[in-house]
Each structure stands twice: as structure tokens, then as C-alpha cells.
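K.L.:
I would like to see how this sequence folds:
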Amino acid sequence: MYNMSEIYHVLSRGVDKRKIFLDKGDYFRFIHNLFVLNNQKVVYTTHYNLEKFESQNKYVDIASPHIKRELRKLLANIHAFCLMPNHYHLLLSPSTENGIPKFMKKLNMAYAKYFNQKHKRKGTLFESRYKAILVSKSNHFLNLPYYIHLNPLDLEFPEWRERKLNNYNKAINFLNQYRWSSHMDYSNIKNFPSVTDRKLLLDIFGGEEKYKQSINKWLKEMEIGSMRELVLE
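P.N.:
Sure thing, here's the model as predicted:
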């Protein structure tokens, strides 16, 4: 049972650590589903045409008015997210009773169906059930958004996890251009602003500018032991 006052770190990974995002269209589809399927009503997503989104290099409003939708009644609040080639992270709190398991079931089932149809494959896409860890410690909660948003550094700067990063500015610039997370929107760079509810974390950070300063500081000063507590992979 998920309490509506609780926050969960959720992770889902491809079976056998296989890639679950093979191209830009896959990333767009999943982020689109984060918005559309976060709804207590039954929603069908397969008929939406995302070509307009996929062709844009600037920010995309997933709640674009050219797609006619009714007002959503949320299952969960999405505070942060990050998509990686073979897994994804979400920071969620329920908006209704059992909102998180209901949302996650819709999210993974819809994306697996889309992925298998598009890439002409059969079988399970995700490795067993998603992991959902209750964020019960304040220190854990304060560090999690940074850890989630820094995950893309594994693609270009894997040494960051061992505090062996030489060029912090280059790493932050990479994050500021990595579209498949909520980091850009927290940094006041419009990307997918309709997907996340950022008020809670921005109140804690002190706004976008303070967030930008603090994630840079966290990257430089993080404690390896503390970070290991955050890892679900």
C-alpha cells in the first residue's frame, strides 16, 4: 500500500539489461506516455502521432494543444525522471490510493507493447517487476534528485562515480543538453515542462538558479558511501 504522503524512487530495467530505448522516437514515446498515462481514466496512446515532436530540436510541450485531451486526474506526481538506454529512474509520490502501482502497470505495459510492435520482437521487455524504494530518510531524499539527474554522465563520463571527473563544466554542459531527463527543466531550460511537478523540489532547492549551483557542488563534493545508498541498479 502506498501512502499519499510518501515518495518513492522507482527503477525499471530491460530484461538481461537489454536496451529499451533504441532511437529518439522511443525516448519521445516513453516521455509522452509519462504524461498521457498518468491518469486515473483509461487512456489509449497508440493513435497519437509524435512525428512533430521527434523532428524538433527545441523543447516540446507534451501537453501540446494540437492533441485534444480531457483534463487528467493524476495517479502519481512525477517529481523527477531520467531515461537511460537500458533502464529508467522516476521519483514519484501517489496522488490517489495505490496510484503508483496503477501508473507503473500502465506505463510499462503500454511501452512494452509499443516497443515490440515497432521493433518487431516478442516477449518480455522489462526485467521482472519494477523496483520501488520508499524514501524514508531526509538525507536520502535530498540527494536522490541529484543522483537521478547525474545518471546520464555514465554515457560520457563514467569516472564521475569514483570522483575522478576532471572537467566539471564539460560534464554539466553535457547534462544541460541531455533531453531525456527532468534536469533541464529544473535548470530553467524548457524541455518537457508539463511532465513533472517540480514545485516540491524547487521549494527545497530554492529555485532553478540554486538548483544549478547545488548540483554542480554535489557532483564535486559527493560522498561515495552516501551515493551507494541511492543505487538501485
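K.L.:
part of a strand, is residue 13?
P.N.:
Yes: secondary structure of residue 13 (DSSP: H, G, I helix; E, B strand; the rest coil): part of a strand.
K.L.:
Specify the beta-bridge partners of it.
P.N.:
residue 87 (DSSP bridges).
K.L.:
Now do the same contact list for it.
P.N.:
By C-beta atoms under 8 Å, 6 or more residues apart in numbering, the contact list for residue 13 reads 20, 86-87, 126-127, 233. In this view, the C-beta of every residue, glycine as well, is placed from N, C-alpha and C.
K.L.:
And those, which of them are buried?
P.N.:
20, 86-87, 126-127 (16 or more other C-beta atoms under 10 Å).
K.L.:
Just the closest of those residues to residue 134, please.
P.N.:
residue 87 (19.4 Å; C-beta to C-beta).
K.L.:
hang on, the earlier thing: residue 107: which of the contacts of residue 13 is nearest?
P.N.:
After measuring the contacts of residue 13 against residue 107 - C-beta to C-beta - the closest member comes out as residue 126, at 10.1 Å.
K.L.:
correct me, but the closest one touches residue 14?
P.N.:
Yes: look at residue 126 against residue 14 with C-beta atoms under 8 Å: they come within range, at 6.4 Å.
K.L.:
So for those two, which residues contact both of them?
P.N.:
residue 20.
K.L.:
Give me the three-state assignment for the residue nearest the centre of the chain.
P.N.:
Using C-alpha atoms, centre = their mean, the residue of the chain that lies closest to the mean C-alpha position is residue 81, 1.7 Å off. The assignment at residue 81 comes out as strand when based on three-state DSSP.
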